[in-house]
Each structure stands twice: as structure tokens, then as C-alpha cells.
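>>> Curious how this folds, go ahead:
(one chain, ligands or ions: 1)
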Amino acid sequence: MAYVALTGGIGGAKLALGLARVLAAEKIAFVVNTGDDFEHFGLHISPDMDTLTYTLAGLSNPEAGWGRHDESWQFMAALDELGSETWFRLGDRDLALHVTRTQMLSQGATLTQATRRITDSLGVRQRIIPMSDDPVRTQVHTASGPVAFQHYFVRDRCEPAVTGFEFAGAETATPSPDLATCLEGCEGVIICPSNPFVSVDPILAVPGLRAALQASGAPLVAVSPIVGGAAIKGPTAKMMGELGVPASAAQVAAHYAGLIDGFILDERDAALDGTLAMPTRVAQSLMVTLADRERLAAETLEFVNALRKGAV
Ligand code: FO1
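Coordinates of the predicted model:
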């Protein structure tokens, strides 16, 4: 595989779509955070895998960023009627994906295998692999104790102040067996503009995964999820404030120090160009249109290739 991208939820999926559109399908593979996964109503929900799958399949809901477009909500209405929990919204069509995945897992398939079957069925031509087939569950530490990730993120709307994170199960997890194949002949690794703490760190917490990326010999480039002190999407800046670190692109670069070979800054942070402990490239990183996604993907690849050729 020529390029491998690490990605989490909605922000990461925007650049992932750009990469998928500027590269041939066999040239890019995505390694996805599964720390957000949870069991709900007996179903295995894998939100970041779902978001990327729907995005690459052209089925995503553009307003929400998660779930499917052309969705209906009869299941949720029926749950409400029964007095069941409705804080996590599962659309009727989306439900079919979770049921399919859960059935495959209960019949002995791995998450990697179940994902392959789902992405093939939905016409996704790029490889999407979970970071691990083993359960890793992000716990958000707050003043009132640990909270499971989806409960923090969706039910509590990211309101509790965070004090730290834990990736339960990561110590004994192993990378998806497909990671090694994806890294064969790898020319560049891209860390999408996902939340460093709860989207990328769980991936890097899987023992052996970080070492495998580094052993590939390919340059690693991260795209800043922080632009001008605010997050492109989600609670990254809020979390940084609560953790007592500046909500800045420089801080994100420092977070990845020792792993990445280059960092992409937004134009609004151009003043940081040349001031970090690694090569930087300035790009227009807000992705509103499809053209924005494609342009940022092309610029990221150009930077990765320049780093590989020693031209930076
Ligand atoms: N996000 C929400 O904000 N509210 C929801 O009700 C919700 C439901 C949901 C169902 C399936 C799925 O795959 C994702 C869903 N998400 C929902 C998105 C998701 O929980 C988060 O965006 C990620 O975990 C953060 O990356």
C-alpha cells in the first residue's frame, strides 16, 4: 500500500475522503480508532468505522457527519414508546449495519473480517481496517470518575471537564493482522486531523502499532486538528484547556513529537511555520467543500513525498 492514514471520527473522515478521491483505491488504506466502540442494546457499535465507511460509500449524512443520509427513525420512535434509552440515535438503515456486524462477530468473525464484508457490500474500494480486533474501550476521566466514551461524548455532550484518558484493554490488544500487509511498501503515513487524545492516541496505544509505523521507514505527517486556537471539529480545544495545555497547533505537534516527521499547519497558524521542532507546511486546512478535501489531501501527499525524497 502506498499510503496509510490513521483516522478517528468526523474531522478525520473529511481528509480521508479527500485522500480516497485523489489516490487510486489500491494506494491508500485507513487504520481506524475503535476506542469509541461500545455495546448498545446488545449491538456492537463502531462509530468511527461507521463514519468512515458511510463517508467513502457516499452514504453519509452531511449535516450530522455521522450516520446515513436518507435515514428514517422508526426504531428510535418505537424505543421511546417503550421507555427505552434514546440518547444514542440509531437510524433504521444504520441499524442494519450494526446488526450485520454483531451477527458476524457472534459467529466468530473478527472485526477486520466483518468490516471487509460490510465495506465490500457497500461498494467501498479502499481498505478500512480497525486498529485492533481486540476490544479497546476509551474511558474519559472526569472529576466525578471515569465515563465510557460514548456516554461522555453523546449522552453528556462532552460537558464534564476531562482530567485524563484510559484505553481499557489496550495493554493486551494486538494490531489488526491486516496492518502489516497495509504497511508493505508504504511511502507515507498520514495522521488525519482527528482528536489527538481520544481518536489517535487509542490507535497508538495498541502495542506494536506505533513501532510498525516507524519500522515501515515511511515519513509520518500529521495534519493539525487545531486551527487558530479552535478545533476543526469536536471537543479537542476544550479538552486541551481542561488538561491545562494551550489549545494550539504547536501543542498538537509537541504531542506527536518523536513520532512524526512533519506537521501541516493551517494558514491561520502560518506564524508558527519554521518555529516547531520538525518541518512544517502551511495549507488551507478548513474542509468545507469536496474541493477543499481534495486540495488538502493533495498538499499533504506532496509534503509526505517531499519528506521521503529528503526535499524538505
Ligand atoms: N453522535 C451523536 O452526537 N449523537 C448520536 O446519537 C450518535 C449516534 C451514532 C450512531 C451510530 C454511529 O456509528 C455513530 C453515532 N454518533 C452519534 C457519532 C459518534 O458517536 C461520534 O461522532 C464518535 O464516536 C466520535 O468520533
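>>> going forward, measure contacts and count neighbours with C-alpha atoms only.
Noted.
>>> What's the nearest residue in the stretch 201-312 of the chain when you look at the ligand?
The stretch 201-312 of the chain approaches the ligand most closely through residue 234 (8.0 Å), counting by CA to the nearest ligand atom.
>>> Low-confidence ranges, the stretch 1-150 of the chain, go.
Applying pLDDT under 70 to the stretch 1-150 of the chain picks out residues 1.
>>> What does residue 277 show for phi and psi?
phi -80, psi 20 (degrees, to the nearest 10).
>>> Could you say which helix or strand holds the residue of the stretch 201-312 of the chain closest to the ligand?
Using DSSP states H and E, residue 234 is not contained in any helix or strand.
>>> Report the contact partners of it.
Counting by CA atoms under 8 Å, 6 or more residues apart in numbering, residue 234 touches 11, 195.
>>> got it, and residue 163?
By CA under 8 Å, 6+ apart, residue 163 lies in contact with 140, 141, 142, 143, 242, 243.
>>> which one of the residues you listed has the most neighbours?
residue 140 (24 neighbours; other CA atoms under 10 Å).
>>> So that one, which state does it fall into?
strand (DSSP: H, G, I helix; E, B strand; the rest coil).
>>> Quick check: it vs the ligand, distance?
13 Å (CA to the nearest ligand atom, to the nearest Å).
>>> pretty sure that residue contacts residue 165?
Yes - between residue 140 and residue 165 there is a contact under CA atoms under 8 Å: 4.8 Å.
>>> sorry, back to before: so what pLDDT did the residue of the stretch 201-312 of the chain closest to the ligand get?
On the pLDDT scale, residue 234 is placed at 87.
>>> list the buried ones in stretch 196-208?
196, 197, 198, 199, 200, 201, 202, 203, 204, 205, 206, 207 (16 or more other CA atoms under 10 Å).
>>> If you count contacts, what does the longest helix along the chain end up packed against?
Using DSSP state H, we find that the single longest helix of the chain is helix 290-308. On a contact count with 3 or more CA pairs under 8 Å, 6 or more residues apart in numbering; DSSP states H and E, helix 290-308 meets helix 10-22, strand 188-191, strand 220-223, strand 262-266, strand 280-283.
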